[in-house]
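Q: I need the structure of the sequence given here:
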Amino acid sequence: FVQAAVCLPPNDVCNSLRSEFVKCGFVEKLMAFVLEDMPDQPPPWSAALWQKKDHSKGKGSNDVSDLEQSWKYYFLRTGIKTAIDMLVGLCRGHNGLQSLISQYGKDDRFV
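A: Numbers count the residues shown, from 1 in each chain. As a prediction, the model looks like this:
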C-alpha cells in the first residue's frame, strides 16, 4: 500500500484512487501526522526557506541550535519519512491534490 501511494502515476484510474483517499479522510490524517510536533520555523540549514533578515542569526546562537535540535527530533519520529514520501507520491503530477494540501489550515482541517 505504501509503495503504491508513493509511486502513483498521474492517470485517470490513479486520480480516482487519490480522490477516494481524500474522501475517506486518509490525506487529512496523513497531513495531521506530518504536521504533528513540526517546528514552527524552517530548518536553519535551509536558507532558501528563510527571509534574508531572519536567517542572519549566527550559526552558533542558542536559538539556531535549539531549532536544529527540534528539527532533528522531528525527523527521528517513527514513520515521518514514510508519511512525507506518501504525500509526495500522492501529489506528484496531481495539481488538485497539491492545491488541497496547500490549503490545510492551522486548525488541522482542510479549509
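
Q: on the three-state scheme, the nearest residue to residue 93 once chain neighbours are set aside is what?
A: For residue 93, ignoring the flanking residues on the chain, the nearest one in space by C-beta to C-beta, 6 or more residues apart in numbering is residue 10 at 3.1 Å. From N, CA and C alone the C-beta is placed, and that goes for glycine too. Here residue 10 is coil, with the state taken from DSSP: H, G, I helix; E, B strand; the rest coil.

Q: and residue 10, what does it touch?
A: Counting by C-beta atoms under 8 Å, 6 or more residues apart in numbering, residue 10 makes contact with 92, 93, 94.

Q: and the pLDDT for it?
A: On the pLDDT scale, residue 10 is placed at 85.

Q: in this protein, what helix or strand scores lowest on average pLDDT?
A: Least confident element among the helices and strands of the chain, by mean pLDDT, DSSP states H and E: helix 2-6 (a mean of 85).

Q: for the helix or strand following it, buried residues please.
A: Under the assignment DSSP states H and E, the closest C-terminal helix or strand after helix 2-6 is helix 12-23. For helix 12-23, the neighbour count (16 or more other C-beta atoms under 10 Å) marks 14, 15, 18, 21, 22 as buried.

Q: repeat for stretch 95-107
A: 97, 100, 101, 104.

Q: just checking, residue 67 touches residue 39?
A: Yes. Shown here, residue 67 and residue 39 form a contact pair, counting by C-beta atoms under 8 Å, at 6.3 Å.

Q: who's more crowded, the two?
A: residue 67 (19 against 15; other C-beta atoms under 10 Å).

Q: element containing the more buried one, please.
A: helix 62-75.

Q: output the contacting helices and strands for that helix.
A: Packing partners of helix 62-75 (3 or more C-beta pairs under 8 Å, 6 or more residues apart in numbering; DSSP states H and E): none among the helices and strands.
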